[in-house]
Each structure stands twice: as structure tokens, then as C-alpha cells.
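Engineer: next comes the sequence, and after it the predicted model I'd like to discuss.
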Amino acid sequence: MRVLVTGLGTFWGSRLAQALEQFDDVEVIVGLDTNEPRLPLERTEFVRADSDYSILQRIVKATKVDTILHTHLLVDSTENSNRRMHEVNVIGTMNLLAAAGAAGSTVRKLIVKSSTLIYGAGKRDPYFFREEMERTTPPHTEVERSLLETSAFVRDFAVDNPHVVVTKLRFSNALGDDITSPFARSLSLPVVPEILGFDPRLQFVHEEDITGALIFATRNDIPGVYNVAGRGTMPWSEICEVIGKRRIPLPPFFTNWAAEPLRMTRVVDLPPEVLDLLRYGRVVDTRAYRRAGFEYKYTTAATVNAFARSLRLESVVGDSNPSYRYESDVETFFRHSPAIIREGNE
Amino acid sequence: MLPSGMPGHLDDPKSTTEQASYEAVQRVMEAVKGEENVIDLGPSAEQSSTRALVPIPARRSRELPDPEPPDREIRRGDVDPWGRSERVRSIARRIYDPLYRYWFRVQWEGIEHIPTESGALLVSNHAGAIPSDAPAIMHGIETQLGRPVYGLAEYLFRDLPAIGTLWSRAGGVTAHPDNAYRLLKEDQQLVLVFPEGAKGTGKLYKDRYRLARFGRGGFVEIAMRAGVPIIPIAVVGAEESMPILFKSKRLANLLGIPYAPITANMLMFGPLGGLAYLPAKFRIRVLEPIHFTAEPDQERYSRARVMDASEMIRGRIQEALYDMLRSRRSTWW
């Protein structure tokens, strides 16, 4: 198996490459990104490249990859500008799919990491979104729009390339020791925001299940769209209680304006799609992926409990997971120097 | 050379025969495909030719819902996946009980028709500017049968701060067809629905006990799809507990609510009367359950069948209301 991972510089991409390295039948792992990997990697080849079509096409052709793991979809609008999200999500995916579908391409499997943000959050929503259901509100932020567009590209690609197994995974809000998301950041604050009078039902997925789900799709042929979220739901008030944080209410009307001072003072950035979640919540049906054979390690409640434990540790020890700095010279030394004794290489 | 089967080749006798044989193969293949569909969707899927009233995607029988394994994680709260909290509900019951017992003096008839375990759709008439029938029915069933009742209501509730959250904790769920289907079929719960909707609660006192239109019969289709019986319920007393004398359309539009009523209670007790009920005597009659012969989980149901059943249920509730009013001696006792 020869694998191409996009977004190696994101948490998801690095974590995934790390997990893929454990499999012996994965011969080659090529990682693309403009940023360096976040985690130490042993045998993944990192290519600093942006999502330019001609480069992608050359890489796909030259490496003869058979599997593409497209984890480079930006969903955190607090850390990325609209312009960048459009470039990376829409244009990047378009170029990647064009390269993967070019004549003579060896690609036989495409796995896309998407988000349940695609369903939006509104008052007319069903209490449980199944994969075939559509959002009830028009998208009003760039991240949602770009995800919808990307989704259409992937659908077209699947139709045009029936010989490729296309799996699309929609991940719920992620929590974990190492991952940063608007929710994780909000919950790490001394006081946690809420919208006065609203207590939405929410769902989380643990970072281990994220990598697990991506690996599962890599190892098995399961075409289709799947929601990935810890089963069960929890109201926001209970989540805050478990974490042990006081809630500070935002007014239920003109909430977006009220969140502006928090944004400007950089206390916490609550983009419109997160405010929608704090008002209406969102829960997805997680049974399709379980039916496909995937076994979760964490439920929503377990994810929140695990996150609470890691926050407690962090408050005492400081940084619970000192982040890794990619030292390219050191990595090159480990990979290519004759001084390193590699097993099974004689 | 053009491939055979192209329109340009129709003049050529040889390719016409090729075309014909190609078409024959297509027909056979389509027939085979059609048969597969029938097997997948159940034998009677083709009987009806109308489109579904409620847009629920069909589920193939082999993909029928498997129950989620129970979550053994220790939780602090007891809010269930629907947002209902038994703790909040029991507090609400404690507060509401005196009102139920001594103010409305609710009297039940035929409560044995409500199943003690399986799912059922409870369908009732709806009245009162702030409807007093839903809490009475839910309270009565929960205290007498000891099982929860989920009440379907307008999407409006999810937009109301505080009230919406309380409503949800007390067992309210928005009336999305998929919510109702899940509650009935997968969770086998009791679901209470008022097909008249705001048309019932917003009607004037002079129209009391005349049932409004029963929506588009969506409730029948959901019960058919979920394979549960419908249990009609007739409530007498709610109309008099908060009668609407006038309505202001302009005010309703201004406030963005379905109707803005001036109730008798407001005239008697001032603006505070907007929240106070008159002590009308409540009588609730549970009618015989209606079971459907239609196969559950079909892609669509014949509109004629759905509307027939809907009208039949409406007729039964209306008849029961007239019957109860005939034997009612006093509104208050």
C-alpha cells in the first residue's frame, strides 16, 4: 500500500501518518503540507508543497500512490481566514481530485476527512442527523460553504471514477489532549461561555477515535459517507460541570455582537457556527459507521470525562503534552544517515 | 465508424436490428432491476403512486435500526438523548400535581387503552390560548402508567431562551417527522401530538370543540411507517380554561408568534391573567387504539389511505367530544 496524506502539518495528518507507520504493508507514506509535521515521524516522507495542481499531479504520478487520505480540510474558522479556507478546502480539494483522477492515475482509494459542520445547526433540524439528510439552514459562514462545495467535488469524483473507493468521514467536534478546536479552547478558559437560556445537546469525538476511524477506512473498503461521533449526547451545562468550569452567559439576542468584545480582546473567539451550536446543538446518528464494522473507544460522555482529566493534569503540571518541533536536519539524519543501524535493511 | 446504437445509424437496416436487440437487453435489465427494487422495499411499495407526505428517506429492511449499545459511562446529569430529564420532570410533576388534582380535577376514562410498554402515537384535540391539555395528558399518563410521554410541538420552542430549555427537559420535542419516527419505532416511546397545531389553540371561544383541519395527515403516515397504533384522545375542559375572545393579527406579526390572543382571563385579572387558567373541569377520554395494516418502513404511503385514516380519527375524536359535551352538566363541576 502506498499512501499520500494531505495536511501533514495539521494535527490530524501527523497523527494519522504516525499511526500508518505501524503497518508493515504500508510501504510508502508521502505527506504534503506547507507547514512542518506536528509530531515526530519515522519514515514518512514530508513534501513541502502547496495545493498546486501541476505539483500534485507530478507527485501522484511519480510516487504511484494507491491511497489518498485527504485530511487537509480546515474547519476551525478562528485560526484560518476565509480566504485561506477557500483556497485550502475548495481549491486544494479540486486540484487534488483532478490529480487523482488524471489519466493513468494509480489511485484506487480516496478518504476525505470532513466535518459535521456541514449539517449546520438550526431550530428546524432533526434531533439526529443521518448521512443522507441535508442541512435545514442555508450556510452563512465561509467554512460551511467551503465544506459544502468540497462535498460536491468529492461526490462528482466518486461518480466519474467508479473504480476508486471513496469514503467520506464527517467528524463531530473533537476533544483530546493534543488537539485544539474552538470547543477545546473555550473549555480551557477559566469561565466558559454559554448563551443565556439555552442548553444544547452536543456530541464529541475523541482524538483517538478520529485516527482510528481514518485508519479503519484505510484498511477496509467501505465506500460512502459516514458520521463519526461518540455515541450519546450531553447538554452543554453538564459538559461544563464535568470539566468543572463556571459558565458566563452571553445574551440570547444579538449574541454575535455580544461575542465581539471577547473576540477583540482575544479571550475567546466564538465564530457564528459555534454560536449556532451553543444555541441549537447538533447530534448525528453514528450507527452507519458502526454497522460498517468500526468500533469506537469512547462515547461522548467518555470523551468529555477524558478531556476533563487531561485538563486537570495540565493545570498542575503545566503543558501536559509538550508539542514537538520538527527538526528537519535531525529527521534527515535519522532517515538517511549510514550511521543509523536500520533493522531488516541488510 | 460510429458505434452501433447511435441515432445516426437508424437508416441502416443492420444497425436497426442491432439497436432493437440492444433495446431488448435494456428492457430485460430494467425489468430485473425493477424486481430487485420491489424485493428491497417490500412487496406493496408499488401499490401507491403518490409521493410521500413527509420527506423521510426510505430505509431498506436489512438496514433496520439496531439499538445503540448502552453507555456505561458515569454521568452527572440525567438528560436523555431527547433532552428530557426525569429529574426536571419529577419536579414539574410535583409543582403541577395540585393544579391537576384540585384546579382542573382531571378525570380519565379508558386509560387502559394506552400500552404500558410498546410505542404508540397519542393524538388529541388542542385548545386554550396557552394550551393546558398537553401538560394534563402527559402528567396523567406519567403518574398512572409510570412511563414517559414525549410531546411534539412547534419549532418555535427551540428559539425561546429558558422556556425552550425547560420545555425540552420536561419532555418536549420539535415535531420533525424523523424525531417522531425514531421515538416511536426505535425507542418505542409514547408520543403525544396535536394535529390541529396552532389552528386548534388559536381558535376563538365561539368555535370551541369544533376540530380544525388535522394538518396534512403526516401523523398517520408516521404511525404507519413506525408500525405503531394511533390512540385518539378527546379532552373536554381545556377550551374553557383559557378562552380566546379576540385575536390581533397585527400584534402577532409584530411579535413573530402564531397568534396574539386577548383571553377572558386577561379581561378578568388584567395582564397577569395571561398566565392564569380558569378552573374548568377536565375530562379526558382515551378511545380505542387504531392499528394499521400497512407494512411499516415503506418509501411512501398512498395519500388516499393516509387522508382516509386521518379523517376517520378526526371524526372519532369529534364524535367523542360531542358525546362528552352532551353528558356534561357544568363547565366547572
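Structural biologist: In hand now; what should we look at? Numbers count the residues shown, from 1 in each chain, chains lettered A, B, ... in the order given.
Engineer: now do the SS call for the closest residue to chain A within the stretch 151-300 of chain B.
Structural biologist: As assessed by C-beta to the nearest C-beta, chain A sits closest to residue B:161 within the stretch 151-300 of chain B, at 2.6 Å. C-beta: built from backbone N, CA, C; applies to glycine. What DSSP: H, G, I helix; E, B strand; the rest coil gives for residue B:161 is coil.
Engineer: count the residues that sit near it.
Structural biologist: By the measure other C-beta atoms under 10 Å in any protein chain shown, the count of residues near residue B:161 is 16.
Engineer: quick check: it touching residue A:199?
Structural biologist: No: with contact defined as C-beta atoms under 8 Å, residue B:161 does not reach residue A:199; the gap is 10.0 Å.
Engineer: ok, the residue of the stretch 151-300 of chain B closest to chain A - contacts?
Structural biologist: By C-beta atoms under 8 Å, 6 or more residues apart in numbering or on different chains, the contact set of residue B:161 is A:195, A:196, A:197, A:198, A:252.
Engineer: 10 Å instead?
Structural biologist: A:195, A:196, A:197, A:198, A:199, A:249, A:251, A:252, A:253, A:279 (C-beta atoms under 10 Å, 6 or more residues apart in numbering or on different chains).
Engineer: which parts of the stretch 201-333 of chain B are strands?
Structural biologist: Assigned by DSSP state E, counting those that start in this stretch, the strands in the stretch 201-333 of chain B fall at B:230-236, B:244-247, B:261-263, B:283-286.
Engineer: now chain A
Structural biologist: A:2-6, A:28-33, A:45-48, A:67-70, A:109-115, A:165-171, A:173-175, A:191-195, A:201-202, A:204-206, A:224-228, A:234-235, A:246-250 (DSSP state E).
Engineer: tell me which of the strands of the stretch 201-333 of chain B is the most buried.
Structural biologist: Most buried of those, by mean neighbour count (mean count of other C-beta atoms under 10 Å in any protein chain shown): strand B:230-236, with a mean of 25.
Engineer: what's that one packed up against?
Structural biologist: On a contact count with 3 or more C-beta pairs under 10 Å, 6 or more residues apart in numbering or on different chains; DSSP states H and E, strand B:230-236 meets strand B:107-109, strand B:120-124, helix B:133-145, strand B:190-193, helix B:218-226, strand B:283-286, helix B:303-326.
Engineer: one step back: let's have the strands of the stretch 201-333 of chain B in JSON lines, adding mean pLDDT and distance to residue A:36.
Structural biologist: Listed next are the strands of the stretch 201-333 of chain B as JSON lines, based on pLDDT from 0 to 100; distance: least, C-beta to C-beta, whole Å:
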{"stretch": "strand B:230-236", "mean pLDDT": "97", "distance to residue A:36": "63"}
{"stretch": "strand B:244-247", "mean pLDDT": "90", "distance to residue A:36": "67"}
{"stretch": "strand B:261-263", "mean pLDDT": "88", "distance to residue A:36": "65"}
{"stretch": "strand B:283-286", "mean pLDDT": "97", "distance to residue A:36": "69"}
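Engineer: returning to that earlier point: now do the shared contacts for residue B:161 and residue A:199.
Structural biologist: Contacts common to residue B:161 and residue A:199, judged by C-beta under 10 Å, 6+ apart, are residue A:279.
Engineer: in the stretch 151-300 of chain A, which residue sits closest to chain B?
Structural biologist: Nearest to chain B in the stretch 151-300 of chain A, going by C-beta to the nearest C-beta, is residue A:197, at a distance of 2.6 Å.
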